[in-house]
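Trainee: Following is a predicted model, sequence given first.
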Amino acid sequence: MAVQKIIFITYALFLFFGAFMGWKAGSKMSLIMGVASGILVLLGVYLAGVNLKNGLILLAAVGGILSVVFLIRLIKTHSFMPAGGLLLISSLFCIYCVNLLAKQ
């Protein structure tokens, strides 16, 4: 579980960093949604410590929802950064969480 926790917390930190970068570029919505997403991931980490299945469900849901959001942004902007990069990372995170759920 230690490696998994590191991956989950790294993803949350990545979301917080993205929120800061969005805010720095002038987007309050990026700040709000990035912080909210990061908090949800940290909540999922906590839940995974209490009940692994429920925590993984929350983590997979956050990763899946963010994948859809970033896919829509990528289609609208046709710019790989930041939407495409975040789509890739969020999709991989979601797949990782679903894979862990399947092993339960």
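Mentor: Alright, I've got the coordinates.
Trainee: drop to CA atoms for contacts and neighbour counts, all remaining ones
Mentor: Will do.
Trainee: Tabulate the CA atom coordinates of stretch 44-57 in PDB.
Mentor: Extracted in PDB, the C-alpha atoms of stretch 44-57 (Å, rounded to 0.1, in the frame of the first residue of the first chain):
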ATOM      1  CA  GLY A  44      -9.700   9.000  -1.400                       C
ATOM      2  CA  VAL A  45      -6.300   8.300   0.000                       C
ATOM      3  CA  TYR A  46      -7.800   8.600   3.500                       C
ATOM      4  CA  LEU A  47     -10.700   6.400   2.600                       C
ATOM      5  CA  ALA A  48      -8.400   3.800   1.100                       C
ATOM      6  CA  GLY A  49      -6.700   3.600   4.500                       C
ATOM      7  CA  VAL A  50     -10.100   2.900   6.200                       C
ATOM      8  CA  ASN A  51     -11.800   0.900   3.400                       C
ATOM      9  CA  LEU A  52      -9.600   0.200   0.400                       C
ATOM     10  CA  LYS A  53     -12.500  -0.500  -2.000                       C
ATOM     11  CA  ASN A  54     -14.400   2.700  -1.300                       C
ATOM     12  CA  GLY A  55     -11.200   4.800  -1.500                       C
ATOM     13  CA  LEU A  56     -10.300   3.200  -4.800                       C
ATOM     14  CA  ILE A  57     -13.800   3.900  -6.200                       C
END
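Trainee: So what touches that stretch?
Mentor: Stretch 44-57 is contacted by residues 5, 8-9, 43, 58-59, 97-98, 100-101, 104 when judged by CA atoms under 8 Å, 6 or more residues apart in numbering.
Trainee: Report the contact partners of the residue nearest to residue 74 when sequence neighbours are not counted.
Mentor: Using CA to CA, 6 or more residues apart in numbering and skipping residues adjacent in sequence, the residue nearest residue 74 is residue 83, 5.2 Å away. Neighbouring residues of residue 83 by CA under 8 Å, 6+ apart: 70-71, 73-74.
Trainee: who's in contact with the residue nearest in space to the middle of the chain?
Mentor: Nearest to the geometric centre of the chain sits residue 63, at 4.5 Å (CA atoms, centre = their mean). Listed by CA under 8 Å, 6+ apart, the contact set of residue 63 reads 90-91, 93-94.
Trainee: how close does it get to residue 70?
Mentor: 10 Å (CA to CA, to the nearest Å).
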